[in-house]
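Chemist: predicted coordinates and the sequence they were generated for:
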Amino acid sequence: GAAGRWWATAQAGVEASREAVRLPRPASPAPPLPDGAELDVDGLSSFFTPNGDFYRVDTALSVPRLDATRWRLRIHGRGAREREYTYADLLERSDLAERDITLACVSNPVGGSYVGNARWIGVPMAALLREAGVRPPGEGGPADQLVSRSSDGMTIGTPVEALMDGRDALLALGMNGKPLPAEHGFPARVVVPGLYGYVSACKWVEELELTTFDDFDAYWVPRGWAERAPIKTQSRIDTPRSGAETSAGPVPVAGVAWAQHVGVKEVEVRIDDGPWQAARL
């Protein structure tokens with residue numbers, strides 16, 4: 001009973017620390033959505049995936065719930081000056097950026113739901129690493145892998161070059177205008193466009209260590225997964241769903257396509273063995 005009361009009190013404090021967060025206005029806001037980004041087609045997913053519908057793939061048996069007032073982020077390792085940040089340090093930074101980034105899981109099947117798009121607010125990863133004196137391998141830096149460690153012990157290895165090559169890699173603090181939900185990594189998580197989640201999207205992150213791929217294998221590598229995992233251009237048909245019954249006559253076919261930090265110029269659709277037809281973007 002005493003343990004139960006202590007746990008309930010502790011969890012209430014953790015949730016209070018999240019509810020107290022007010023995300024600041026980012027110094028670099030995302031551009032407004034262009035006209036036509038939302039198509040009025042029944043069954044088509046929205047441009048932004050609501051937080052409650054955003055996919056989750058993690059190894060945590062229970063969702064870690066961390067108190068933001070006690071959380072710390074440590075950066076250290078090869079070629080880095082050790083740095084430590086509090087949650088307040090990150091919220092008060094003058095370089096917060098807001099970006100629209102799609103995340104996808106490498107285990108997402110054809111037409112699957114393990115992909116989502118959100119508007120994230122966070123600190124540019126390249127800026128954090130530069131502050132610690134980190135140089136990418138292309139500039140002579142000694143580390144080619146950044147190992148992110150989660151509060152639950154998960155390790156995720158990301159190429160340093162991908163974090164510092166100009167893409168919008170973020171240490172994310174907010175998701176779709178709200179502080180990160182606990183299920184998606186509160187207080188902070190890593191978000192890297194162009195890489196599958198198992199090499200980039202560490203949730204509940206507490207430590208960033210600079211090392212090399214030769215010296216350390218992150219969690220998934222000994223289990224047969226590749227060290228580096230760039231996302232390939234993909235698409236999904238949202239409507240009509242597999243097995244759906246349709247009425248005679250014209251049937252709208254609609255879906256989504258994604259090409260991380262590159263963009264989609266054209267989509268074509270083919271029905272059975274018919275001709276390829278250009279879709280309207």
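Modeler: Cool, got the structure.
Chemist: V115: what's it in contact with?
Modeler: Residues near V115 by Cβ atoms under 8 Å, 6 or more residues apart in numbering: Y55, T102, L103, A104, C105, N108, Q234, R236, V256, W258. (Each C-beta comes from the backbone N, C-alpha and C, glycine too.)
Chemist: helix, strand, or coil at the residue lying closest to the last one once chain neighbours are set aside?
Modeler: Ranked by Cβ to Cβ, 6 or more residues apart in numbering and with sequence neighbours excluded, the top spatial neighbour of W258 is T102, at 4.8 Å. In the three-state summary, T102 is assigned as strand, counting by DSSP: H, G, I helix; E, B strand; the rest coil.
Chemist: so who does the residue nearest to S94 when sequence neighbours are not counted touch?
Modeler: Leaving aside its sequence neighbours, S94 sits nearest to A27 (Cβ to Cβ, 6+ apart; 5.8 Å). Residues in contact with A27 (Cβ under 8 Å, 6+ apart) are S94, D95, L96, A97.
Chemist: who wins on neighbours among these?
Modeler: Neighbours here mean other Cβ atoms under 10 Å. Within these, the largest count is held by L96, at 22 neighbours.
Chemist: any idea how far that residue lies from S28?
Modeler: Distance of L96 to S28, given as Cβ to Cβ, to the nearest Å: 7 Å.
Chemist: ranges for the strands of this structure?
Modeler: For the chain, the strands defined by DSSP state E occupy 72-77, 83-86, 97-104, 115-124, 145-150, 155-159, 170-175, 178-179, 189-191, 205-211, 234-239, 254-258, 268-269, 277-278.
Chemist: can you say which of those is nearest to E227?
Modeler: strand 155-159 (6.6 Å; Cβ to Cβ).
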